[in-house]
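**Student:** Would you be able to build a 3D model of this:
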Amino acid sequence: MSLIYQGMQWCLLKEEDVIPRIRAMEGRRGRPPNPDRQRAREESRIRRRKGRPPNVGGAEFIENTDAKLLRKLQAQEIARQAAQIKLLRKLQKQEQARVAKEAKKQQAIMAAEEKRKQKEQIKIMKQQEKIKRIQQIRMEKELRAQQILEAKKKKKEEAANAKLLEAEKRIKEKEMRRQQAVLLKHQERERRRQHMMLMKAMEARKKAEFYRCRNS
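**Tutor:** Residues are numbered from 1 along each chain as shown. Modelled structure (predicted):
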């Protein structure tokens, strides 16, 4: 069996097909021999040779020529097979290089895609962190505003309570002053009453002494 390159593909030839194919390639630029024409030439040669003794010298010359041609064709076939094997190995190496290049390209694409995904993930994480910071700042502002509002409310309540206590204090003080004034007024009235009674008693005593002295 032998390898031969036809068109864009390699194909195997049987041993008996190698020499006719090589002769065809040598003599007819790659076209295989026509079996009908070969058969016609052989029959014509046999008819011409009928009745004549065989040419022994010519047969030996033909055999020697065929042997040389066969050796030449065998050498050419070996060289051609070696070239075909070399070409096949070259094609295999080229295919391996192409596959390796394609694999490297795919790896580069996958690496770029992974890098893009990581970059997108980092971008999403940064956006989430930014949103979280904004929410945290807003919550802190709301908490501070609530604390300020509660402080103002507490201060207002304390001021109102202070005013209420002050008013109650003033009312109590006023009530105490009123009660003291009532007490003082009552005491003054009692003092005057007792003074009048004392004056009346003294006046009565004087009158009694006057009448006693007069009667004596």
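
**Student:** For Glu188, grab the count of nearby residues.
**Tutor:** By other C-beta atoms under 10 Å, the residues close to Glu188 number 10. Heads up, the C-betas are built off the backbone N, CA and C, glycines and all.

**Student:** Could you measure from it over to Gln194?
**Tutor:** To Gln194, Glu188 is 11 Å away according to C-beta to C-beta, to the nearest Å.

**Student:** Model confidence for Arg116, exactly?
**Tutor:** Arg116 is assigned 94 on the pLDDT scale.

**Student:** Would you confirm that it belongs to a helix?
**Tutor:** Yes - assignment of Arg116 by DSSP: H, G, I helix; E, B strand; the rest coil places it within a helix.

**Student:** ok, it to Ala100 distance?
**Tutor:** The value you get for Arg116 to Ala100, if C-beta to C-beta is used, is 24 Å.

**Student:** any idea which helix or strand carries the most centrally placed residue in the chain?
**Tutor:** The centre of the chain sits closest to Gln121, judged by C-alpha atoms, centre = their mean, with a distance of 2.4 Å. Gln121 belongs to helix 56-215 when assigned by DSSP states H and E.

**Student:** Can you give the distance of that helix from its chain's centre?
**Tutor:** From the chain centre to the centre of helix 56-215 is a distance of 23 Å (C-alpha atoms, centre = their mean, to the nearest Å).

**Student:** Does that helix pack against any helices or strands, and if so which?
**Tutor:** strand 2-6, helix 15-28 (3 or more C-beta pairs under 8 Å, 6 or more residues apart in numbering; DSSP states H and E).

**Student:** By mean pLDDT, show me the worst of the ones you listed.
**Tutor:** strand 2-6 (a mean of 49).

**Student:** By mean pLDDT, point me to the weakest helix or strand of the chain.
**Tutor:** The least trusted helix or strand in the chain, going by mean pLDDT, DSSP states H and E, turns out to be strand 2-6, with a mean of 49.

**Student:** Low-confidence ranges, this structure, go.
**Tutor:** Residues of the chain meeting the criterion pLDDT under 70: 1-63, 216.

**Student:** separation between Gly161 and Arg170?
**Tutor:** Just to correct that, residue 161 is Asn rather than Gly. Relative to Arg170, and taking C-beta to C-beta, Asn161 is found at 15 Å.

**Student:** got it, and Glu102?
**Tutor:** As judged by C-beta to C-beta, Glu102 and Arg170 stand 100 Å apart.

**Student:** now Asp66
**Tutor:** For Asp66, the distance to Arg170 equals 150 Å [C-beta to C-beta].

**Student:** same check, this time on His195
**Tutor:** The gap separating His195 from Arg170 is 36 Å, by C-beta to C-beta.

**Student:** just Ala201 next, same as before
**Tutor:** Noted for Ala201: a distance of 46 Å to Arg170, by C-beta to C-beta.
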